[in-house]
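Asker: test case, fold it:
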Amino acid sequence: MDTNKLLPLLSEMAIFVCVVEQGSFSKAAEKLGVAPSSVSRSIHRLEQALHEKLLERTTRQMKLSSIGQEVFVLCREMLNTAKLAVSAAHSGEHSVSGVLRIAAPKALAKHKLASIVLDFIQAYPEVTVQFKVVDHFIDPVSDEIDVIIHITEAPIEGLIGKTLAESPLVLCASKEYSALHGLPNSPTELAMHNCLCLGESPVDQAWTFSSPTQSLTVQVSGSFAVNHSEIRLSAVQRGLGISLFPRFVVAPLIEKHHLVEVLPNWVLHGKYQGTIVAQYAQSKYIPNQIKMFVEFLSTRFSL
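Answerer: Numbers count the residues shown, from 1 in each chain. Below you'll find the predicted structure:
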């Protein structure tokens with residue numbers, strides 16, 4: 001196929017990649033900001049031009065044909081190469097500008113990242129920031145995220161990772177709760193206290209601790225369970241019980257003596273603990289806004 005015939009198909013190939021990655025015409029249309037019928041016509045034009053059926057569709061599902069799988073891999077490589085060309089152009093600029101798309105879980109975004117992101121916007125006003133705050137897993141490629149900041153013990157393979165800080169879990173209670181009920185001297189004594197759990201699964205009621213000499217798991221129970229850190233924190237502040245949080249959520253309250261740390265000599269293991277990591281795609285050309293944002297993050301977390 002000569003260049004004149006190929007050029008009109010480049011956009012159709014990019015739309016084809018989006019359809020496959022999103023898993024449906026409607027989701028691809030929503031992501032691209034066009035009507036589903038427009039996406040359908042693009043795929044039809046591409047199939048006609050290539051004289052091949054790329055997608056096998058029924059009323060319930062859509063899957064790639066054998067030829068479609070090969071075409072998809074090549075089209076995705078083409079799209080990634082185009083993105084690399086844009087990155088190369090941006091990386092050569094001395095100014096920091098362009099769009100920066102970042103993602104982070106809700107608690108981390110509220111308690112640690114929001115002020116840093118806003119400070120970055122003020123420091124680099126030519127950068128347009130799109131901040132996605134979600135607790136579910138984000139795929140940086142299919143979700144088109146430049147930098148993902150998350151708490152993990154297993155960073156996403158294939159991405160560059162910048163360690164920002166450690167995020168341990170902390171048990172805490174209010175002074176009022178401590179005055180009325182006392183505080184446990186060992187993890188086993190938690191069984192006698194009102195422990196406020198996440199309640200996402202039965203495992204959330206099994207709290208695991210370790211010390212230099214031993215490791216143990218304690219079954220706890222309580223009058224309230226909620227998988228929202230702010231609501232659970234409000235319950236603790238009202239004196240309803242003992243609960244666990246990432247340290248960055250409660251550190252200011254503990255420092256101001258509004259909350260009391262429970263069992264500070266024990267290490268608590270569980271969900272939402274690990275290393276705070278900023279990750280972004282490997283590339284020969286890293287856009288300036290990404291490089292500067294990760295450096296900005298690293299500096300602020302080290303303060």
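Asker: all helices in the stretch 1-150 of the chain, in order from the N-terminus.
Answerer: Secondary structure of the stretch 1-150 of the chain by DSSP state H, counting those that start in this stretch: the helices cover 3-6, 9-22, 25-32, 36-50, 66-91, 106-108, 114-123.
Asker: can you say which of the ones you listed is nearest to Glu189?
Answerer: Among the helices of the stretch 1-150 of the chain, helix 106-108 comes nearest to Glu189, with 27.6 Å by C-beta to C-beta. Just so you know, the C-beta spots here come from the backbone N, C-alpha and C atoms, and that holds for glycine as well.
Asker: can I assume Ser298 is in contact with Lys162?
Answerer: Yes: taking C-beta atoms under 8 Å as the definition, Ser298 is a contact partner of Lys162 at 6.1 Å.
Asker: out of the two, which sits in the more crowded spot?
Answerer: Between Ser298 and Lys162, Lys162 has the larger neighbour count (other C-beta atoms under 10 Å), namely 17 against 14.
Asker: ok, the more buried one touching Leu297?
Answerer: Yes: using C-beta under 8 Å, Lys162 is in contact with Leu297, at 7.4 Å.
Asker: overlap in contacts, those two.
Answerer: Residues within reach of Lys162 and of Leu297 at once, by C-beta atoms under 8 Å, 6 or more residues apart in numbering, are Ala278.
Asker: against Ala103, how distant is the residue nearest to Ser97 when sequence neighbours are not counted?
Answerer: Spatial nearest neighbour of Ser97, excluding adjacent residues (C-beta to C-beta, 6 or more residues apart in numbering): Glu126 at 3.7 Å. Going from Glu126 to Ala103 by C-beta to C-beta, to the nearest Å gives 21 Å.
Asker: same check on Ala114?
Answerer: Ala114 is 13 Å from Ala103, by C-beta to C-beta.
Asker: how about Glu47?
Answerer: From Glu47 to Ala103 the distance is 34 Å (C-beta to C-beta).
Asker: equivalent analysis for Val262, please.
Answerer: 32 Å.
Asker: my guess is Leu233 meets Phe245, correct?
Answerer: Yes: when contacts are counted by C-beta under 8 Å, Leu233 is listed as touching Phe245 (6.7 Å).
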